[in-house]
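1. Could you look at this predicted model? Sequence included:
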Amino acid sequence: MKIVLQRVGRAHVSVDGVEVGRIGRGLCLLVGIEKGDTAEDVEKLARKSAELRVFPDEMGKMNLSVAEAGGAVLAVSQFTLAGSTDKGRRPGFDNAEEPARAAELFRSFIESLRGRGLTVATGVFQAMMEVHILNDGPVTFILASR
């Protein structure tokens with residue numbers, strides 16, 4: 001499982017021109033589910049995403065989690081994170097989890113974040129989406145469960 005985590009001033013996602021999720025200050029999480037990912041991978045990265053101290057405290061030091069900063073989460077499934085560009089010019093997606101299993105793990109990830117008291121907006125699984133991100137900082141991290 002891989003996540004591109006970005007601290008945002010605001011973010012929203014649209015499908016076919018219709019907004020389906022929006023947050024103000026918080027985190028945008030682009031979530032890639034890979035073959036072999038388990039419930040343990042989901043919990044590990046949900047906990048890391050929720051607890052990572054990437055928001056500034058009163059001294060300007062990155063010392064607050066998204067909840068401590070009063071932020072929300074926009075989580076968007078992104079199978080291309082499981083892609084490989086090692087060979088040729090066209091990415092390969094053999095390592096991406098099958099859609100039904102990926103959807104199940106993604107739902108578990110969202111529920112784990114909500115279970116930690118976070119407000120979570122999402123995109124639409126397997127839809128072509130437009131994700132609008134106002135990256136704050138810019139602050140961007142790549143998280144991997146393995």
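-> Happy to help now that I have it.
2. ok, longest helix in the protein?
-> Across the chain, the longest stretch assigned as helix under DSSP state H is helix 99-115.
3. now for that helix, which elements pack on it?
-> When contacts are defined as 3 or more CB pairs under 8 Å, 6 or more residues apart in numbering; DSSP states H and E, helix 99-115 packs onto helix 39-51, strand 72-77, strand 120-122. No exception for glycine: its C-beta is placed from N, CA and C like everyone else's.
4. Among these, which comes closest to residue 83?
-> Each of the helices and strands packed on helix 99-115 has some distance to residue 83 by CB to CB; the shortest is strand 72-77, at 13.6 Å.
5. which secondary structure elements does the closest one contact?
-> Packing contacts for strand 72-77, counted by 3+ CB pairs under 8 Å, 6+ apart, involve strand 2-15, strand 18-23, strand 26-32, helix 99-115, strand 120-122, strand 129-144.
6. what sits up against that strand?
-> Applying CB atoms under 8 Å, 6 or more residues apart in numbering, the set of residues contacting strand 72-77 from outside is 8, 11-13, 21-33, 49, 66, 102-103, 106, 109-110, 113, 118-123, 125-126, 129, 131.
7. buried sites along that strand?
-> For strand 72-77, a neighbour-count test (16 or more other CB atoms under 10 Å) marks 72-77 as buried.
8. Make JSON lines out of those and add pLDDT.
-> Shown next, in JSON lines, are those (pLDDT from 0 to 100):
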{"residue": "72", "pLDDT": "98"}
{"residue": "73", "pLDDT": "98"}
{"residue": "74", "pLDDT": "98"}
{"residue": "75", "pLDDT": "98"}
{"residue": "76", "pLDDT": "98"}
{"residue": "77", "pLDDT": "97"}
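9. Including distance to residue 43, could those residues go into JSON lines?
-> JSON lines is the format used below for the buried residues of strand 72-77 (distance: CB to CB, whole Å):
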{"residue": "72", "distance to residue 43": "20"}
{"residue": "73", "distance to residue 43": "16"}
{"residue": "74", "distance to residue 43": "20"}
{"residue": "75", "distance to residue 43": "15"}
{"residue": "76", "distance to residue 43": "19"}
{"residue": "77", "distance to residue 43": "17"}
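10. middle-most residue in this protein, spatially?
-> Geometric centre of the chain, nearest residue: residue 29, 1.9 Å, by CA atoms, centre = their mean.
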